[in-house]
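Trainee: Sequence and predicted structure below; questions after.
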Amino acid sequence: MNHSEMTDTSRRNFLEKTALAGLGTLASANILPKEMEQRMLIHHVFFWLKKPGSVEDRKKLAEGLQSLKAIPTIRQFHIGYPASTEKREVIDNSWDVSEVMFFEDTAGQKVYQDHPIHQAFVQNYSHLWAKVVVYDAMDI
């Protein structure tokens, strides 16, 4: 290798290392451009039971949902029932059980979808629900 080839290689390595270090600094300072940031994915699911209002089925479904907590890509997890808040036109509390999960990114949510625990949940508890609606959102 001659001197100019070695200099070009060294220069290229230096520039690559400097660029990577700069991205790391930007990431730690939380000022990366939005398209380069990892953004959290929020997965909110609403279930309508085949037997609406069944306390027993609602409890079984909630127990099944609890099993999903073992999936490692879930960062936060909450299960809920409709709140008895003021009745207003914009409120839909026709569902029986909901769950909301937070993932670091879409890749984490994909791991969850394909995970054997999730697959077993669907297989073992889908007989309880008549309808499911999912809202996925990216954090801004």
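Mentor: Here it is on my side, so go on.
Trainee: Report the buried residues of stretch 96-113.
Mentor: 96-99, 101-103, 108-109, 112 (16 or more other CB atoms under 10 Å). The way it works is simple: take the backbone N, C-alpha and C, and place the C-beta from them, glycine included.
Trainee: which one among those gets closest to residue 79?
Mentor: Nearest to residue 79 among the buried residues of stretch 96-113: residue 99, at 5.0 Å, using CB to CB.
Trainee: Could I get the contacting residues of that closest one?
Mentor: 44-45, 65, 68, 77-80 (CB atoms under 8 Å, 6 or more residues apart in numbering).
Trainee: For the chain, which segments count as strands?
Mentor: Using DSSP state E, the strands of the chain run over 41-49, 74-80, 97-103, 129-138.
Trainee: list the contacts for residue 81?
Mentor: By CB under 8 Å, 6+ apart, the neighbours of residue 81 are 58, 96-98.
Trainee: Per-residue confidence, it, what does it come out as?
Mentor: With respect to pLDDT, residue 81 scores 95.
Trainee: And the protein, what are its domain boundaries?
Mentor: 3-34, 38-138 (automatic domain parsing).
Trainee: Which helix or strand in the protein has the lowest average pLDDT?
Mentor: Lowest mean confidence among the helices and strands of the chain (mean pLDDT, DSSP states H and E): helix 3-28, at a mean of 50.
Trainee: Closest to the centroid, which residue in the chain?
Mentor: residue 103 (3.0 Å; CA atoms, centre = their mean).
Trainee: Next one: it from residue 81, what distance?
Mentor: Taking CB to CB, to the nearest Å as the measure, residue 103 falls 23 Å from residue 81.
Trainee: among the buried residues of stretch 96-113, which two are most distant?
Mentor: Top of the distance list for the buried residues of stretch 96-113 (CB to CB): 96 and 108, 26.8 Å.
Trainee: Low-confidence regions, the protein specifically.
Mentor: 1-37 (pLDDT under 70).
Trainee: if you set the cut-off to 90 instead, what comes out?
Mentor: 1-39, 53, 85, 140 (pLDDT under 90).
Trainee: Other residues contacting stretch 59-76?
Mentor: Contacting residues not belonging to stretch 59-76 are listed as 40, 47, 49, 77, 79, 96-97, 99-104, 107-109, 111-112, 115, 117-118, 120-121, 124-125, 128-129 [CB under 8 Å, 6+ apart].
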